[in-house]
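*Asks:* Only the shape, not the letters, is given here:
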């Protein structure tokens, strides 16, 4: 009888451990989403990330007074007129957002619009299909 009670107590003690092992919905909601869906990975995970940062540092007049809020390597399979990016934070026009599109040949600064939900909207209609680094910037100190 004591073994049965001990077994039941052990099982009851282990059950809450499994409940806390579930993936956190909070962490999942911090991951950027796109509409339409575009394949991407975090640029900071790339082996060439340090070289990309050095290239960006060569144009301080573009990024001065702004903070990079997201950096992604994206794969454009076709030209997209409008892609909505939902990031961890919501934005308004006072953030003055823009993006840098980076490939092997160039770094291009592009304006970004903001939708009514605070998501960033980009236009890739002038870009050929391929792999790009996309860096979103917002004005420093905006609250």
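*Replies:* Structure's in. What do you need? Predicted model, so just to flag it, every value in this text is computed and none were measured.
*Asks:* all contacts plus neighbour counts: C-alpha atoms, from now on.
*Replies:* Fine.
*Asks:* in the chain, which spans are helices?
*Replies:* Using DSSP state H, the helices found in the chain span residues 2-20, 25-30, 49-57, 60-63.
*Asks:* Touching, residue 33 and residue 86? I think so.
*Replies:* Yes - the criterion here is CA atoms under 8 Å, and residue 33 meets it with residue 86 at 5.2 Å.
*Asks:* show me where pLDDT drops low in the chain?
*Replies:* 1-29 (pLDDT under 70).
*Asks:* how about the nearest residue to the residue nearest the centre of it, chain neighbours excluded?
*Replies:* For the chain, residue 32 is the residue whose C-alpha lies nearest the centre (CA atoms, centre = their mean; 4.2 Å). Taking CA to CA, 6 or more residues apart in numbering, and ignoring the residues beside it in sequence, residue 32 has residue 87 as its nearest neighbour in space, at 4.7 Å.
*Asks:* For burial, what's the neighbour tally of the one you found?
*Replies:* The local packing count at residue 87 equals 19, with neighbours defined by other CA atoms under 10 Å.
*Asks:* ok, it touching residue 71?
*Replies:* No - here residue 87 lies out of contact with residue 71, judged by CA under 8 Å, at a distance of 11.1 Å.
*Asks:* picking that back up, check the gap between the residue nearest to the centre of the chain and residue 61 for me.
*Replies:* In this structure, residue 32 and residue 61 are separated by 27 Å, where distance is defined by CA to CA, to the nearest Å.
*Asks:* which of residue 33 and residue 86 has more neighbours?
*Replies:* A count of neighbours by other CA under 10 Å puts residue 86 above the other of residue 33 and residue 86, at 21 against 17.
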